[in-house]
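Asker: Test case, fold it:
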Amino acid sequence: RAAAEAPAAGGSPAAAAFEGGMSAQQAARTEAFIVEDLEHLFDDVGVNKANFEQDVVFADPLNRFENIDAYLLNIAFLRRVFRPDFTRHAIKQTGPWEFQVRWTMSLRMPSFGPLRSLWDPPVSFTGVSVYGISPSTGRVATHTDYWDSLPRGDAQKFLSTDAVRDFVGMAASLEQTPELESPEYALLLRTADYEVRRYEAFDVAETPTGSSELVGSGEGFNALAGYIFGDAKQAMTTPVFTTPDADVTAGVAMQFVLEKAAGGKSPPPSNPDVLTRSVNVGVVAARRFAGVAGDADVARERSALLDALARDGRVAVGGEDRAFVARYNGPSAPPFARRNEVLVPLEGFELPEQWEE
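Answerer: Predicted coordinates for the structure are as follows:
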């Protein structure tokens with residue numbers, strides 16, 4: 001496995017990406033061992049202890065450790081209790097002896113049996129790890145994590161009020177997502193107000209709702225249910241989308257997601273008001289909310305999402321006219337446990353290249 005190596009004596013400064021920093025060869029070796037360690041962060045292989053100083057300092061908004069054994073014990077605790085799903089998006093040298101890694105990590109809260117049907121909250125973080133490399137040994141001397149959901153500055157410090165509130169807010173959620181097939185997406189960014197996701201293309205059955213509102217109608221639902229359970233003979237999926245789509249329908253359309261196993265070859269609808277097609281929404285911003293998702297709820301959350309995107313300098317394609325709604329739960333779910341979302345496509349979204357305080 002790749003391991004840290006002390007910088008070679010007399011290395012050429014001209015080979016360094018940053019003046020006074022590590023050579024290009026040392027930078028390549030450092031990047032390689034960081035990447036390999038992250039690939040094995042939560043598996044049986046684990047990180048290579050030889051890549052870290054004995055007194056490495058790890059800090060994030062909820063934790064702080066000042067030696068390698070405590071650092072590794074925390075990783076083992078996370079793996080055993082929260083079963084993390086970790087994705088590395090990018091790595092970059094950002095200083096003479098510094099690397100930054102952008103990532104997404106999702107946790108499963110420790111609930112079992114009947115409790116999971118009542119409490120299975122979505123707990124996800126996106127952010128940046130800043131690795132400080134020792135010039136004398138080439139090992140990691142500091143590892144500091146920053147969360148996208150918190151403001152810069154004091155909110156990122158150990159056990160800040162903002163950090164505790166952020167984690168507790170997610171962990172205390174009673175939102176339920178049915179265990180049904182759903183479109184696949186990658187979580188790219190989670191802020192305090194919205195998520196940015198990249199969806200894979202998926203197929204839908206679609207019918208007009210006969211309304212200009214994004215709430216949908218029983219008539220549209222029944223038409224799609226007739227296709228799903230009749231013509232297509234497939235199981236229910238989630239969510240149910242309502243979306244403005246002037247290219248296909250006049251006004252608003254309701255959509256049921258088709259099973260991926262059909263591979264785009266679902267049978268033709270017998271109802272002339274239903275059509276099937278592929279949907280590729282690409283990168284979208286999404287804002288979650290509970291409740292019954294009536295007109296006023298959708299309007300409120302849509303406005304909050306668009307305001308937050310404008311504040312952050314992100315461009316929503318079509319603004320209010322392109323926003324669509326996802327409802328994940330059936331009518332029997334209590335309002336406080338329902339997962340609803342308002343989503344809008346984004347134009348030109350790129351993950352931030354570098355974390356700056």
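Asker: Wait, a helix at Tyr146?
Answerer: No. Under DSSP: H, G, I helix; E, B strand; the rest coil, Tyr146 falls outside any helix and is assigned strand.
Asker: ends of stretch 349-357, how far apart?
Answerer: With CA to CA, to the nearest Å as the measure, stretch 349-357 spans 21 Å from end to end.
Asker: Okay, buried residues for that stretch please.
Answerer: Using 16 or more other CB atoms under 10 Å as the test for burial, stretch 349-357 gives Phe349, Trp355. All C-beta atoms are positioned from the backbone trio N, CA, C, and that covers glycine.
Asker: Could you give the bridge partners of the residue nearest the centre of the chain?
Answerer: Nearest to the mean C-alpha position of the chain, by CA atoms, centre = their mean, lies Leu187 at 2.1 Å. Note on Leu187: beta-bridge partners by DSSP bridges are Arg197.
Asker: How much space separates it from Leu351?
Answerer: 11 Å (CB to CB, to the nearest Å).
Asker: can you give me the strands for the stretch 51-200 of the chain?
Answerer: In the stretch 51-200 of the chain, the strands defined using DSSP state E, counting those that start in this stretch lie at 52-60, 63-65, 85-95, 98-107, 123-133, 140-147, 185-190, 195-199.
Asker: Mind putting these into JSON lines with distance to Ala28?
Answerer: Below are the strands of the stretch 51-200 of the chain laid out as JSON lines (distance: least, CB to CB, whole Å):
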{"stretch": "strand 52-60", "distance to Ala28": "19"}
{"stretch": "strand 63-65", "distance to Ala28": "28"}
{"stretch": "strand 85-95", "distance to Ala28": "10"}
{"stretch": "strand 98-107", "distance to Ala28": "11"}
{"stretch": "strand 123-133", "distance to Ala28": "13"}
{"stretch": "strand 140-147", "distance to Ala28": "16"}
{"stretch": "strand 185-190", "distance to Ala28": "26"}
{"stretch": "strand 195-199", "distance to Ala28": "28"}
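Asker: Take those and write them to a markdown table, including distance to Ala27 and mean pLDDT.
Answerer: Putting the strands of the stretch 51-200 of the chain into a markdown table (distance: least, CB to CB, whole Å; pLDDT from 0 to 100) gives the following:
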| stretch | distance to Ala27 | mean pLDDT |
| --- | --- | --- |
| strand 52-60 | 18 | 98 |
| strand 63-65 | 26 | 97 |
| strand 85-95 | 5 | 97 |
| strand 98-107 | 8 | 98 |
| strand 123-133 | 9 | 98 |
| strand 140-147 | 14 | 98 |
| strand 185-190 | 26 | 98 |
| strand 195-199 | 29 | 98 |
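Asker: quick one: low-confidence parts of the stretch 251-357 of the chain?
Answerer: Low-confidence segments of the stretch 251-357 of the chain (pLDDT under 70): 251.
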